[in-house]
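In: Pasting the sequence and the predicted model now:
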Amino acid sequence: MNSAAVDTVITGARYVLTCDDTGSVHERAGIAVRDGRIVAVGDVDSFDAHRRIDATDCLVLPGLINLHTHLPMTLLRGVAENVDLQGFLERVWAEEARIMGPAGTYLGARLGSLEALLGGTTTALDMYFHPESAHRGAVEVGIRHAIGPVFFDFPGPDGLEWSQRLDLAHRWPGVLDSLGGAYVPRFLMPHSPLIVNPDHLADIDGLARGMDARIHTHNSENDKENDATVQAHGARPTALLERAGLLDARTVLAHCVRLNDDDRAAIASGGASVAHNPGSNLKLASGAMDLVGYREQGIRVGLGTDGCSSSNDLDMFAVMRLAANLARLVRADPAAISAEDVVRAATIHGAQALGMADRIGSLEVGKEADLIVVDATAPHLTPLHDPFTALVFAAGRSDVRDVLVAGDVVVADRQPTRVDVRDIRAKALEHIGGA
């Protein structure tokens with residue numbers, strides 16, 4: 001045995017998909033983890049370990065990164081059906097006022113984080129009211145959870161005035177430190193250029209630069225949003241973000257379904273990333289984003305589920321399949337994007353968008369061990385000619401067997417290790433009235 005003991009060794013994987021810069025794939029290989037970080041990839045049989053995970057006939061890959069979601073909105077699953085974005089918001093905001101206070105947000109974040117982890121998502125870029133409650137719930141379950149104060153010009157369902165939102169933003173670094181959990185950057189989250197006026201967007205930019213925070217916002221989700229933004233503020237959403245200094249590499253733009261040529265050029269030039277949410281965009285009939293075109297123009301694109309109230313689940317395997325098929329349909333080209341590129345969008349490209357590619361998103365020595373073990377023994381994964389094609393076009397979240405976040409085993413043999421599923425579900429149902 002190796003004289004330097006490690007915490008966890010994953011052995012015998014059919015394939016280890018590293019998603020590194022060269023796209024390295026190891027066959028009949030494993031991973032060794034010590035103090036939360038990867039210390040070896042490939043031949044790990046000689047390591048002495050406190051825990052050994054047999055990955056025979058399994059795929060090992062980086063944990064999936066959900067680049068745009070609203071985890072607490074699991075409690076609002078199915079409350080706004082058969083409507084467009086504007087109808088959805090009208091129905092959801094009314095229900096949020098009823099059940100989504102700090103307690104509901106905490107319970108919804110626990111339920112959402114559990115669903116995400118069991119489905120192979122190790123990192124979520126979340127956006128919701130009461131971010132302290134959401135972060136507390138997510139950290140308890142074990143997901144790597146990025147969130148921050150949400151900004152509206154007016155009191156939203158949380159009832160906060162602008163000055164109170166600024167006060168929360170100033171306190172946010174201390175809140176993150178006090179709640180712990182796997183490392184995430186600081187974020188500030190103006191809801192959208194429609195709901196946050198240009199002067200306030202500029203204020204958020206200055207605040208973010210002063211506290212070394214990143215930005216997450218909605219942008220051009222549908223045509224009605226674009227038209228309303230022009231009517232309210234005299235310019236399209238992307239132009240308003242550019243004027244405020246918010247289109248650089250710090251920023252993740254959710255949706256971006258309805259961009260024109262100027263919008264695309266500005267995003268590519270500024271360096272902001274796009275979170276593609278094909279499930280909610282199709283369900284709300286917002287449009288079909290040209291994933292391949294954005295990539296060709298130099299725009300970094302990651303993948304997200306959006307919230308359960310608009311896409312109904314937090315299934316990143318479904319998102320990968322939708323993204324792949326939609327990209328091919330939009331381009332009328334069955335070779336428009338490869339399965340490997342789609343997996344990279346859900347892993348390393350998401351990490352790059354978060355400014356965390358030095359820590360997560362690929363399986364490399366020195367990086368934190370955020371990874372998943374996917375059981376490839378099911379009939380729908382037999383035979384296994386190509387691991388990337390299998391993941392995108394055949395695998396599902398129920399195939400995820402084990403999940404590690406920062407080296408901690410948070411799902412073992414399809415069961416969470418930190419929380420009780422029945423308890424989380426029962427408390428969520430009790431809060432909303434037993435539906």
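Out: All right, it came through fine. Numbering: from 1, shown residues only.
In: show me where the stretch 1-150 of the chain has strands.
Out: Counting by DSSP state E, counting those that start in this stretch, one finds strands in the stretch 1-150 of the chain at the ranges 2-17, 25-34, 37-42, 47-54, 58-62, 64-69, 121-126, 144-146, 150-151.
In: Over to the stretch 251-400 of the chain?
Out: Using DSSP E, counting those that start in this stretch, the strands of the stretch 251-400 of the chain run over residues 251-255, 273-276, 301-303, 371-375, 400-405.
In: The last one pairs with which strands?
Out: Paired neighbours of strand 400-405 in the sheet (DSSP bridges): strand 371-375 (antiparallel), strand 408-412 (antiparallel).
In: what residue ranges in the stretch 1-150 of the chain score low on pLDDT?
Out: The stretch 1-150 of the chain contains residues with pLDDT under 70 at 1-3, 85, 88.
In: so how many other residues sit close to residue 395?
Out: Here the number of neighbours of residue 395 (other C-beta atoms under 10 Å) works out to 24. (C-beta placed from N, C-alpha, C; glycine too.)
In: Equivalent analysis for the one 5 residues further on, please.
Out: Neighbour count of residue 400, defined by other C-beta under 10 Å: 24.
In: Quick check: the gap between it and residue 189.
Out: For residue 400, the distance to residue 189 (C-beta to C-beta, to the nearest Å) stands at 28 Å.
In: quick one: average confidence on stretch 401-411?
Out: Stretch 401-411 carries an average pLDDT of 98.
In: That should have said stretch 415-432, apologies.
Out: 96.
In: Other residues contacting the helix or strand containing residue 239?
Out: Assigned by DSSP states H and E, residue 239 belongs to helix 237-243. Residues from elsewhere that reach helix 237-243 (C-beta atoms under 8 Å, 6 or more residues apart in numbering): 192-194, 198, 201-202, 217, 219-220, 225-226, 229, 233, 235, 247, 251, 253, 259, 262-263, 266-267, 270, 272.
In: Apply the buried test to those residues and list what passes.
Out: Taking 16 or more other C-beta atoms under 10 Å as the criterion, what is buried in those is 192-194, 198, 201, 217, 219-220, 225-226, 229, 233, 247, 251, 253, 259, 263, 266-267, 270, 272.
In: quick revisit: out of the strands paired with strand 400-405, which gets nearest to residue 102?
Out: strand 408-412 (24.3 Å; C-beta to C-beta).
In: Number of residues surrounding residue 71?
Out: Residues lying near residue 71 (other C-beta under 10 Å) number 33.
In: how far away is it from residue 25?
Out: Distance, residue 71 to residue 25, using C-beta to C-beta: 32 Å.
In: hey, where'd the helices end up in the stretch 201-350 of the chain?
Out: Ranges of helices in the stretch 201-350 of the chain, per DSSP state H, counting those that start in this stretch, are 223-233, 237-243, 261-270, 278-283, 291-296, 316-331, 339-345, 348-353.
In: Check which helices and strands the first one sits against.
Out: Yep, that's helix 223-233 we're talking about. helix 85-99, helix 237-243 (3 or more C-beta pairs under 8 Å, 6 or more residues apart in numbering; DSSP states H and E).
In: which stretch among those helices comes nearest residue 395?
Out: When the helices and strands packed on helix 223-233 are compared by C-beta to C-beta, helix 85-99 sits nearest residue 395, at 29.5 Å.
In: Now tell me what touches that closest one from outside.
Out: Contacts of helix 85-99 (C-beta under 8 Å, 6+ apart): 73, 75-76, 79-80, 83, 129, 156-157, 221-222, 224-225, 284, 286, 309-310, 431-432.
In: Among those, name the buried ones.
Out: Buried among the contacts of helix 85-99 by 16+ other C-beta under 10 Å: 73, 75-76, 79-80, 83, 129, 156-157, 221-222, 225, 284, 286, 309-310, 431-432.
In: about what we covered before: among the strands paired with strand 400-405, show me which one is buried the most.
Out: strand 371-375 (a mean of 25; mean count of other C-beta atoms under 10 Å).
In: Quick check: the most centrally placed residue in the chain vs residue 123, distance?
Out: Residue closest to the average C-alpha location in the chain (C-alpha atoms, centre = their mean): residue 66, at 1.7 Å. Distance, residue 66 to residue 123, using C-beta to C-beta: 7 Å.
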